[in-house]
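[1] mind folding the following:
(one chain, ligands or ions: 2)
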Amino acid sequence: MEKRPFDQLGLSSDLLKAVARLGFEEASPIQTAVIPPILAGRDVVGQSSTGSGKTAAFAIPAIEKVDPKLRAVQVLILCPTRELAVQVAEETGKLALFRKGVAGVPIYGGQSYERQFRALAAGVQIVIGTPGRVMDHMERGTLKLDRLQLVVLDETDRMLDMGFRDDIEHILEAVPAERQLLFFSATIPRAIQDLIRRYSRDPAWIKIESVAQNRPQVEQTYFEVDRRSKIEALTRLIDVNDFRYGIIFCSTKIMVDDLDEHLHARGYLTDRLHGDISQAQRDRVMEKFRRRAFEFLVATDVAARGLDVDDLEVVFNFDLPNDAEDYTHRIGRTGRAGRKGRAFTFVSGQEIYKLQSMVRWAKLDLRRGKIPSLDEVEEARTNVFFEKIRSTLEARNFKPHDAMIDRLLDQGYASTDICSALIHLLQGATGVPEKKASPPGPTASVKPAPAWAGKVAAPKPAPVLPEPTAHDPGTAEESDRPRARKQKYERPARTGREPGMAAIFLNVGRKQLVTIADIVGKIAGVTRLPASVVGAIDIHQRHTLADVADSEADFIVKKLTGIKLKGVVLAPARAGEGVA
Ligand code: ADP
Ligand code: MG
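    Ligands and ions are numbered 1, 2, ... in the order given. This is a model prediction of the structure:
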């Protein structure tokens, strides 16, 4: 695909300076292809994949076209979400840095009208907004478009997916007829073709092909996994690669909820996004994810659309996407900004044929991978632990304990034995694996032993859950995930109720085929408390007694009330003394 230096595209020195300052070495293919016709005044339809530089492709010529002396809106850029509007406004601002007298403002729902009035009244020339809010301002008379010269529809496919078609048409009907119109989109479905036909004049259609070229940074692997083994496969891949920031895509809301609960119960920091979650809650989740307040976002395609993060370590296609376009959208969120990304795709049974046809159709570059064995997972964990010891030694990041060590040596112990004993003591709290670990987490028992993993230990029904306060928080290092997870896996089974625990009565039992994993998963998932608040679980024919941290018992009872588990509406209660 052709790329050219920016100085061959007919740009002013102001823009060339800005581009150089952003560190762009040459124009990307879409930029090379669309900037000259846009500068020449043509309508353009630009189609290229996510991450190919579409923003600068329209922002650069848009800035060039603005008359700085005219204090009126000349460019209108429509974006599907407020995140994108803000992002496009930021990039536009950087590109306009050396262009004196040119200003822009993002306008979107959720921000006060007052601020937006002021910016509009000050005479900005470029407005970047979501269709709904743009229409509001047009109706209030605070956004005047009589001097508008250029309209850009960014991420048009997403805007239509989000139901903005009527708003877009309304806006396009209202702007001056002689404006220039640009469509940008990763895909051009029929609805967009209709819009193009109705509103643009003899557009230059520019389609940049080749998924592979635009995404040389993403290593794409697929795994043939039995449906029931997907969660186990997922956690192994996360652990072996020591991933800490990624999105896991599922095809349904139910699957999102289910997987989020399971991962949470296994000690991963997760949260979820899907269509049934309120906009306010979604915003909170997205904001938290962007500042990495949790590790893995479990999401459906639609819910993840407005989310703009581009520095993910990994994208998991836990469920196969519908088509190659969705696949491309999903994996485009990793491997950006020059960093290598990974995309892991699970296929079960017949889905392999669907994947094959996607690969052929879109020329995807996928390799087949093998799910790591338990031994490999353990080895990876050992390596993480080893590396921690080594780097601590390297940095001399510890206080000397010579007196204690001398005492032990004086008593005749060998230094290697002393170290081994210390590692042994650390094991429960550090994530250093033992060979032949106990089954990986309580939820393993939900899923029958996977077909590809002969080494998975048979799930034990006995509680293998951790005590809530068993290790000394003073000695634990913050932010050490393998340790946090491992705790759950390797705590010894226990009998009797721990101090600080209370029993909760639940009206489900063996009759509903409920498992320990179901209970832990539900409690952790619904309350967002760590699974470690749950202790021993005793499943009876028609009821279950679950030990939970006393301090959280009332909260857990409240949160579980009315929630469905195995088709039963839960009516939990604190169990009276002596019941258990
Ligand atoms: P798209 O809208 O096509 O998904 P973006 O416009 O968001 O892609 O660009 C993706 C990333 O690539 C951004 O971080 C952007 O700053 C960067 N980028 C854009 N153009 C170039 C270029 N010519 N050289 C290097 N990086 C670029
Ligand atoms: Mg974009």
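
[2] isn't Asp554 right up against Ala573?
    No - using C-beta atoms under 8 Å, Asp554 is not in contact with Ala573; the gap is 10.4 Å. For every residue, glycine as well, the C-beta is placed using N, CA and C.

[3] and the strands in the stretch 301-450 of the chain?
    Here the stretch 301-450 of the chain has its strands, by DSSP state E, counting those that start in this stretch, at 314-317, 341-347, 366-368.

[4] mind putting the ones you listed into JSON lines with mean neighbour count?
    Shown next, in JSON lines, are these (neighbours: other C-beta atoms under 10 Å):
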{"stretch": "strand 314-317", "mean neighbour count": "24"}
{"stretch": "strand 341-347", "mean neighbour count": "24"}
{"stretch": "strand 366-368", "mean neighbour count": "12"}
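
[5] domains in this protein, by residue range?
    6-209, 213-373+440-478, 374-430, 501-574 (automatic domain parsing).

[6] worst mean pLDDT among these?
    Sorting these by mean pLDDT places domain 213-373+440-478 lowest, at a mean of 76.

[7] ok, Lys522 to ligand 1 distance?
    Computed as C-beta to the nearest ligand atom, to the nearest Å, the Lys522 to ligand 1 distance reads 38 Å.

[8] surely that residue touches Glu261?
    Yes - counting by C-beta under 8 Å, Lys522 does reach Glu261; the two are 6.7 Å apart.

[9] Cys250 versus the residue lying closest to Thr252 once chain neighbours are set aside, what's the distance?
    Excluding the flanking residues, the one nearest Thr252 by C-beta to C-beta, 6 or more residues apart in numbering is Thr300, at 7.0 Å. Taking C-beta to C-beta, to the nearest Å as the criterion, Thr300 is separated from Cys250 by 6 Å.

[10] what's the nearest residue in the stretch 351-500 of the chain when you look at ligand 1?
    Proximity of the stretch 351-500 of the chain to ligand 1 (C-beta to the nearest ligand atom) peaks at Ala362, 16.6 Å away.

[11] which residues touch that residue?
    Val211, Ala324, Glu325, Tyr327, Thr328 (C-beta atoms under 8 Å, 6 or more residues apart in numbering).

[12] for the residues you listed, which one is nearest Glu2?
    Val211 (16.9 Å; C-beta to C-beta).

[13] just the pLDDT for that closest one.
    Model confidence at Val211 (pLDDT) stands at 49.

[14] Arg542 should be in a strand, yeah?
    No - counting by DSSP: H, G, I helix; E, B strand; the rest coil, Arg542 is not found in a strand; it is coil.

[15] contacts only, for it.
    Neighbours of Arg542 in contact, by C-beta under 8 Å, 6+ apart: Asn507, Val508, Gly509, Arg510, Lys511.

[16] one more: Ser28?
    The contact partners of Ser28, by C-beta under 8 Å, 6+ apart, come to Lys3, Ser52, Gly53, Ala56, Ala57.

[17] what separation do you get for it and Leu145?
    As judged by C-beta to C-beta, Ser28 and Leu145 stand 30 Å apart.

[18] please apply the same query to Ile168.
    Distance, Ile168 to Leu145, using C-beta to C-beta: 14 Å.

[19] then Ile231?
    Counting by C-beta to C-beta, the gap from Ile231 to Leu145 is 52 Å.

[20] ditto for Leu269
    Relative to Leu145, and taking C-beta to C-beta, Leu269 is found at 45 Å.

[21] swap in Arg407?
    According to C-beta to C-beta, Arg407 and Leu145 sit 82 Å apart.

[22] what do you get for Leu545?
    Leu545 is 66 Å from Leu145, by C-beta to C-beta.

[23] next one: Gln356
    Counting by C-beta to C-beta, the separation of Gln356 from Leu145 is 49 Å.

[24] residues of the chain that sit close to ligand 1?
    Listed as neighbours of ligand 1 in the chain under the rule C-beta under 6 Å from any ligand atom: 24, 27-28, 31, 50-56, 336-337.

[25] which members of those residues are classed as buried?
    Listed as buried from the residues of the chain next to ligand 1 are Phe24, Ala27, Ser28, Gln31, Thr50, Gly51, Ser52, Gly53, Lys54, Thr55, Ala56, Arg336; burial here means 16 or more other C-beta atoms under 10 Å.

[26] looking at the residues you listed, which are in helices?
    Residues of these located in helices (DSSP state H): Gln31, Lys54, Thr55, Ala56.

[27] isn't the third one right next to Glu90, touching?
    Pointing back at Thr55 there. No - judged on C-beta under 8 Å, Thr55 makes no contact with Glu90 at a distance of 9.5 Å.

[28] which of Gln356 and Leu145 has more neighbours?
    Neighbour tally, Gln356 and Leu145, criterion other C-beta atoms under 10 Å: the higher count belongs to Leu145, 20 against 14.

[29] what about Arg4, distance to Leu234?
    On the measure of C-beta to C-beta, Arg4 and Leu234 end up 42 Å apart.

[30] count the neighbours of the closest residue to Val533 other than its chain neighbours for me.
    Using C-beta to C-beta, 6+ apart and skipping residues adjacent in sequence, the residue nearest Val533 is Ala549, 4.4 Å away. Using other C-beta under 10 Å, the number of residues around Ala549 comes to 21.

[31] quick one: the residue lying closest to Ala72 once chain neighbours are set aside from ligand 1, how far?
    Nearest residue to Ala72 in three dimensions, chain neighbours excluded: Arg147, at 4.0 Å (C-beta to C-beta, 6+ apart). Separation of Arg147 from ligand 1 (C-beta to the nearest ligand atom): 27 Å.

[32] again, but for Gly509
    According to C-beta to the nearest ligand atom, Gly509 stands 51 Å off from ligand 1.

[33] so what's that residue closest to, chain neighbours aside?
    Per C-beta to C-beta, 6+ apart, closest to Gly509 is Arg542, 4.5 Å.

[34] centroid-nearest residue for the protein?
    Central residue of the chain (C-alpha atoms, centre = their mean): Ile247, 3.2 Å from the mean position.

[35] just to be sure, that residue is in a strand?
    Yes - the assignment for Ile247 by three-state DSSP puts it in a strand.

[36] OK, contacts around it?
    Contacts of Ile247 by C-beta under 8 Å, 6+ apart are Phe296, Leu297, Val298, Ala299, Ala304, Val309, Leu312, Val315, Phe316, Arg330, Arg333.

[37] specify the beta-bridge partners of the residue lying closest to Arg42 once chain neighbours are set aside.
    Closest residue in space to Arg42, ignoring its immediate chain neighbours: Ala204 at 5.1 Å, by C-beta to C-beta, 6+ apart. Under DSSP bridges, the beta-bridge partners of Ala204 are Val44.

[38] start the count at 42, not 1, going forward
    New numbering, starting at 42: the last item is Ala245.

[39] in this structure Ala245 contacts Gly82, no?
    No - the criterion here is C-beta under 8 Å, and Ala245 misses it with Gly82 at 10.8 Å.

[40] out of the two, which sits in the busier spot?
    Neighbours per residue, other C-beta under 10 Å: of Ala245 and Gly82, the larger number sits with Ala245, 17 against 11.

[41] the more buried one and Gly182, how far apart?
    Distance from Ala245 to Gly182, by C-beta to C-beta: 35 Å.

[42] ditto for Arg174
    Arg174 is 14 Å from Gly182, by C-beta to C-beta.
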